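[1] Return atomic coordinates for the entry below.
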Amino acid sequence: METLKSLTGPLVLARTRAPDLESVRKLNCWGSEIEDISVVRQMPNLEVCSVSVNEITTLQDFEDCVNLQELYIRNNKIEHLHEICYLKKCEKLRILWLADNPCANVDNYRKTVLRNLPNLQKLDNVSVEPEEIEEANEKGEELSLPDTEVKPESPAPDQEKLTNGEAGGAEGGDTPNNPPNQKDPLSVTLDETNKIREQFGLKPLPIQKIGSPKSAPTSSTRARNSHILQAMLILMKELDRDTLEILDTAIRKRLESL
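    Modelled structure (predicted):
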């Protein structure tokens, strides 16, 4: 398996063959040297996730994966046991494999995990017995996230500069979201997509064509659609003639319905 630092949307779609990130239910990225898995925040329907043997340092990215049932994240770099507090909203979580992380070496580890995640049926590949939960409630430590963990707020725009026309805008100057010499992430994704289109003999896709013009898509929608398109174009190389014909029929029906 290839190695990478950040798990990206196109890679997830290519591996899972899902139509979009919201449809991903099972994800396996075992042993890929991944550090950043923030893309799972865009997978609210994720049910089973295997990311063991990587370089992950936090569980925060799973905080809103409320449908998560199984999480295999052993042998990573999660140092603090309070990280499991990010899983408290994952009430469907039944299997957690957290062993071989630094946080698993603390005293009373198992009882503390079970006290904070009492719905677990298996922890570190060992079944949880009912009496363990009772003992965990008595001897385990109730954990909470440090008060210092506050998400930074976006700075308010300088109204005086906006009034005086100093924010760039009309004259193409640099704005806070587009510092000098830095590409727009959406443009980078579009460049990658057009390179793939070129391989298929297709015309380059202009940025205004990403998304649906009728619905005036936001930049996040355009980026999402671009990721999906990129993944589909990559996967097309693996399809045989019969499968491509099925895909062609599906695309034509979809176009007719729009």
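
[2] the strands in the stretch 51-200 of the chain, which residues?
    Assigned strands in the stretch 51-200 of the chain, in chain order: 70-72, 95-97, 122-123, 126-127 (criterion: DSSP state E, counting those that start in this stretch).

[3] Reformat those as a markdown table; add mean pLDDT.
    Written out in a markdown table, the entries for the strands of the stretch 51-200 of the chain read as follows (pLDDT from 0 to 100):
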| stretch | mean pLDDT |
| --- | --- |
| strand 70-72 | 98 |
| strand 95-97 | 98 |
| strand 122-123 | 97 |
| strand 126-127 | 96 |
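
[4] ok, the closest residue to Cys65 other than its chain neighbours - contacts?
    Taking C-beta to C-beta, 6 or more residues apart in numbering, and ignoring the residues beside it in sequence, Cys65 has Leu46 as its nearest neighbour in space, at 4.9 Å. Yep, even glycine has a C-beta here, placed from its N, CA and C like the rest. When the contact criterion is C-beta atoms under 8 Å, 6 or more residues apart in numbering, the partners of Leu46 are Val24, Arg25, Lys26, Leu27, Val40, Cys65, Asn67, Leu68.

[5] The fifth one against Asp64, yeah?
    No. Counting by C-beta atoms under 8 Å, no contact exists between Val40 and Asp64, whose distance comes to 9.1 Å.

[6] Which one's more surrounded, the two?
    When Val40 and Asp64 are compared for neighbours, Val40 comes out ahead with 22 against 17, by other C-beta atoms under 10 Å.

[7] contacting residues for that one?
    Val40 makes contact with Leu7, Leu27, Leu46, Cys49, Asp61, Phe62, Cys65, according to C-beta under 8 Å, 6+ apart.
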